[in-house]
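Novice: how would this look folded up:
(chains A and B)
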Number of protein chains: 2
Amino acid sequence: MTNTTRTEIIAVGTEILLGQIANTNAQWMSEQLAINGINTYYHTVVGDNLDRIVEALEIAANRSDVIIINGGLGPTQDDVSREAFQQLSKMSIVEESKSLEKIKAYYRKQGQQMTSNNLRQARVFADSLVLDNQVGMAPGNLVEYNGKKWIFLPGVPKEMKQIFTDEVIPYLKKMNGEMIIQSTVLRFSGIGESALEDKLEELITNQDNPTIAPLAQKDGVTIRLTAKAEKKEEARHLIQDVKERILSQVGKYYYGEDDDTVEGTVLDLLRTNNITIGAAESLTGGAFSDKLVSLEGASTAFKGAVVCYDEEVKRNVLHVTSDTLANHGTVSSTCAIELAKHTASMLNSTIGISFTGVAGPGEVERKEVGTVYIGIYDQRTGYEYVESCFFQGDRAQIRYRSVLQGYNLLLHYLKNS
Amino acid sequence: MTNTTRTEIIAVGTEILLGQIANTNAQWMSEQLAINGINTYYHTVVGDNLDRIVEALEIAANRSDVIIINGGLGPTQDDVSREAFQQLSKMSIVEESKSLEKIKAYYRKQGQQMTSNNLRQARVFADSLVLDNQVGMAPGNLVEYNGKKWIFLPGVPKEMKQIFTDEVIPYLKKMNGEMIIQSTVLRFSGIGESALEDKLEELITNQDNPTIAPLAQKDGVTIRLTAKAEKKEEARHLIQDVKERILSQVGKYYYGEDDDTVEGTVLDLLRTNNITIGAAESLTGGAFSDKLVSLEGASTAFKGAVVCYDEEVKRNVLHVTSDTLANHGTVSSTCAIELAKHTASMLNSTIGISFTGVAGPGEVERKEVGTVYIGIYDQRTGYEYVESCFFQGDRAQIRYRSVLQGYNLLLHYLKNS
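Specialist: Numbering: from 1, shown residues only, chains lettered A, B, ... in the order given. Below is the predicted model of the structure:
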């Protein structure tokens, strides 16, 4: 690959210089560029100040080939990225009719009064490439000037990511010639990074195409395989070969690829088996259900849940027995199994899952913070199981880990039943 | 305050340009500087490449007064921050005896063979200020050159933070004179950034102490007020005065300051009024409850919820009438109000809130994606209210905005009832 294109990312936003947020946009873009074989040479952050943005653009013009300006395209007076580039390039700015129409339609639909500054967002450079923003208002913009590419993207992460993925990456790949980089992420749950790396040590050391990069993520461990080849078929073949060697050793922890998630795999398994699930959530407070409902098509397998945060709800709605409450308490395996059973019966779901425990900061029923019971019940067979867990961390971490462990248990159960 | 010192942070590290990590060091330093009234004007990230670091230092020399170089002080061959500055300044580099001794002692203690490159870390510029590293090996270094301050800090966050806190901040504060900076964030909901700015335009334009900086956040709009004064009392007074002028115009959208959240304010209002809440969540799928349970002390006011994702659960568990389902459907204001009423009664909560709508991607009951009804019912008075909403965006955004709007409605209801 003969790619020596120098890419620079200029983030515009005083909030970054005040330390209110980290420049995670630049991180994400750099990662995407690296995956596609494009090198980032510089990150710059400059505040919402016209003169300083102009200076930053001048510096970039002298040292970089592709310059990405991120932010400063919004409706307010301090959004001046376009004005800064205009000062440098003397190019004219026009209102783009499609975006203009979109902004007006939005306010019509909301029945809200539109202030005129909102229309500022529809401005692009004349004779440039407009990059469609499918998530928000301000379109991206790609301008060729003095032999350099200038790419303007909104600062809102979701909007930036959509435009970057759909428009910028394909454009840059085409520009750089079609050297094939193929990348696949293998996903694992129920095993730590060092244990996984240990099992694959020889393979990782001796392999350089594809490269094998393990990474601990918040919700498990991934391995990224990245192959380079002249042709797509060849790159795919290289990856497939190493993937098989990896799975022959750690296949039992594997659940999917790329954008697959544990909850998505669980949903697929439920749908494949034509069964449904319902939940009883105490300390998780709806977070388990929320993850499932965030997936399209959840309705085919998810019945619903009872968030039984209060003891009264456990007793009166989910009919945990007085005996259980008196002798074992709400934070107990007995309570967990009753919750799983009764929620399955009440919501008429094949499987019931329950979460009860102590998220902190204080103890409950003399049970230590981090004590969690997860129950699973299958109405078809009467199968019941309780996992007794102990999670480290603060309230948010304990709740997050409980949900994750719930999905891991379901994954394991559904794969093996 | 006569502080116009321009500070720039140059992070040296290819791992940042590859997107492996975000530049959180720069965020942290900028935040610390801002708290202490020192303005950061630029962040730059450059890779471990001698020529490009030299160029970055030259750019900084032309535009900044205090230049912080973070990273590139370690033992390996690609740690070349000192060499780059030497090329610029022609200053000589010496081994610092105290650090040298520390490194040798460390390896003696470990009983490990020390490779000679470890001693590279003890190098500092001649006649400069050595900044003691109490956590690791490489000391920080502060150099005066051509009227500018050049501060070298290790890239390891823990080491950087210790030296920054103990050495750099006190030095810079002394340099700038002891000026007081006071900063407060005002939080608003139910109004957009441009509408807010529109209402406050005159104030924003004419006000420079405190400065007024509006910012659109994911969950609302904030205004940061930053005042500078000789004394804390004076800075506070300046902020209080402008805050009052702002609230006199947009007070009805205001809900709190600094780290306050809408859901936290709602929880406080529930507790103050000694009342409880329960939820019926269809499209939001537990996300409303999850937000409340994420708060410590939610148990005093939150009873629980029924996630009634499936129509069967709406009918059989929450007893939405056949008439409503047949004539209005699940996505209707009639259904929303029944859900709110019945969940309050079932969970024995003072207030019931309900969410039903179409998160997409497909239509439901011929209702367009984005159509959402939020119901509120108060058992004490029989008060009932339904908000008919239309949200733009994808599934995640529609669900997120529904939850947010639910909290906004509760906030408004609780503030005014």
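Novice: Every contact and neighbour count from this point should use C-alpha atoms.
Specialist: Fine.
Novice: I figured A:Y145 hits A:K90, correct?
Specialist: No - in this structure A:Y145 lies outside contact range of A:K90 using Cα atoms under 8 Å: 10.3 Å.
Novice: how much space between A:L410 and B:H342?
Specialist: 31 Å (Cα to Cα, to the nearest Å).
Novice: swap that for A:A229, sorry
Specialist: Relative to B:H342, and taking Cα to Cα, A:A229 is found at 62 Å.
Novice: same question, A:F85
Specialist: A:F85 sits at a distance of 58 Å from B:H342 (criterion: Cα to Cα).
Novice: Ok, A:V306 next?
Specialist: A:V306 is 14 Å from B:H342, by Cα to Cα.
Novice: These two: which has the busier surroundings?
Specialist: Counted by other Cα atoms under 10 Å in any protein chain shown, A:V306 and B:H342 do not tie: A:V306 has more neighbours, with 31 against 23.
Novice: Secondary structure element holding that one?
Specialist: Using DSSP states H and E, A:V306 maps to strand A:302-307.
Novice: what do you get for A:W150?
Specialist: Assigned by DSSP H and E, A:W150 falls in strand A:148-153.
Novice: Quick check: which helices or strands does that strand pack against?
Specialist: strand A:66-70, strand A:140-145 (3 or more Cα pairs under 8 Å, 6 or more residues apart in numbering or on different chains; DSSP states H and E).
Novice: looking at those strands, which is closest to chain B?
Specialist: strand A:66-70 (13.6 Å; Cα to the nearest Cα).
Novice: Given that closest one, what are its sheet partners and their directions?
Specialist: strand A:7-12 (parallel), strand A:148-153 (parallel) (DSSP bridges).
Novice: Packed most tightly, which of these would that be?
Specialist: Most buried of the strands paired with strand A:66-70, by mean neighbour count (mean count of other Cα atoms under 10 Å in any protein chain shown): strand A:7-12, with a mean of 25.
Novice: how about A:T381, what does it touch?
Specialist: Contact analysis of A:T381 by Cα atoms under 8 Å, 6 or more residues apart in numbering or on different chains lists nothing.
Novice: any idea how far A:L73 is from it?
Specialist: Taking Cα to Cα, one finds A:T381 at 59 Å from A:L73.
Novice: now the strands: where do they sit in the stretch 151-300 of chain A?
Specialist: A:180-188, A:211-217, A:220-229, A:254-257, A:277-281 (DSSP state E, counting those that start in this stretch).
Novice: residues contacting the residue in the stretch 151-300 of chain A positioned nearest to chain B?
Specialist: Chain B sits closest to A:G286 of the stretch 151-300 of chain A, with a gap of 4.0 Å, by Cα to the nearest Cα. Taking Cα under 8 Å, 6+ apart, we find A:G286 in contact with A:305, A:307, B:285-290, B:307.
Novice: mind running it again at 10 Å?
Specialist: Shown in contact with A:G286 (Cα atoms under 10 Å, 6 or more residues apart in numbering or on different chains): A:279-280, A:305-309, A:403, B:281, B:284-293, B:304-307.
Novice: what do you get for A:N23?
Specialist: A:N23 neighbours (Cα under 10 Å, 6+ apart): A:11, A:13, A:15-17, A:43-45, B:22-24, B:26-27, B:43.
Novice: Select from the residues you listed the one having the most neighbours.
Specialist: Neighbour counts for the contacts of A:N23, by other Cα under 10 Å, peak at A:L17, which reaches 30 neighbours.
Novice: any idea how far that residue is from chain B?
Specialist: With distances taken as Cα to the nearest Cα, to the nearest Å, A:L17 is found 6 Å from chain B.
Novice: Tell me if I'm right that that residue and B:R6 touch.
Specialist: No - applying Cα atoms under 10 Å as the test, A:L17 and B:R6 come out as separate, 11.6 Å apart.
Novice: Which neighbours do those two have in common?
Specialist: Joint contacts of A:L17 and B:R6 (Cα under 10 Å, 6+ apart) are B:39-42.
Novice: Adding neighbour count, distance to A:E234 and secondary structure, write the residues you listed out as CSV.
Specialist: As requested, these are exported to CSV (neighbours: other Cα atoms under 10 Å in any protein chain shown; distance: Cα to Cα, whole Å; DSSP: H, G, I helix; E, B strand; the rest coil):
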residue, neighbour count, distance to A:E234, secondary structure
B:N39, 19, 52, coil
B:T40, 28, 49, strand
B:Y41, 21, 48, strand
B:Y42, 25, 44, strand
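Novice: Lowest pLDDT pick from these?
Specialist: Least confident entry in the shared contacts of A:L17 and B:R6, by pLDDT: B:N39, with 89.
Novice: Can you list the low-confidence ranges for the stretch 1-150 of chain A?
Specialist: Within the stretch 1-150 of chain A, the segments meeting pLDDT under 70 span A:1-3.
Novice: at 50 instead, please
Specialist: A:1-2 (pLDDT under 50).
Novice: Tell me which residue lies farthest from the centre of chain A.
Specialist: Ranked by distance from the centre of chain A (Cα atoms, centre = their mean), the top residue is A:D323, with 43.5 Å.
Novice: residues contacting that residue?
Specialist: A:G329 are the contacts of A:D323 under Cα under 10 Å, 6+ apart.
Novice: Which residue ranges make up the domains of chain A?
Specialist: For chain A, automatic domain parsing gives the domain ranges A:7-175, A:180-257, A:262-416.
Novice: Show the average pLDDT along the biggest helix by length in chain A.
Specialist: When chain A is parsed with DSSP state H, its longest helix is helix A:395-416. Taken as a whole, helix A:395-416 has a mean pLDDT of 93.
Novice: Alpha carbons of that helix, in CSV - could you do that?
Specialist: Output in CSV follows, covering the C-alpha atoms of helix A:395-416 (Å, rounded to 0.1, in the frame of the first residue of the first chain):
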residue,chain,number,x,y,z
ARG,A,395,-23.7,1.2,42.6
ALA,A,396,-23.5,1.6,38.8
GLN,A,397,-20.9,-1.1,38.3
ILE,A,398,-22.7,-3.6,40.5
ARG,A,399,-25.9,-3.0,38.6
TYR,A,400,-24.2,-3.2,35.2
ARG,A,401,-22.3,-6.4,36.1
SER,A,402,-25.5,-8.0,37.3
VAL,A,403,-27.3,-7.4,34.0
LEU,A,404,-24.2,-8.6,32.0
GLN,A,405,-24.0,-11.8,34.1
GLY,A,406,-27.7,-12.3,33.6
TYR,A,407,-27.2,-12.3,29.8
ASN,A,408,-24.1,-14.6,30.1
LEU,A,409,-26.2,-17.1,32.1
LEU,A,410,-29.0,-17.0,29.6
LEU,A,411,-26.5,-17.4,26.7
HIS,A,412,-25.0,-20.4,28.3
TYR,A,413,-28.4,-21.9,29.2
LEU,A,414,-29.9,-21.4,25.7
LYS,A,415,-26.8,-22.7,23.9
ASN,A,416,-26.8,-25.9,25.9
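Novice: Good, wrapping up.
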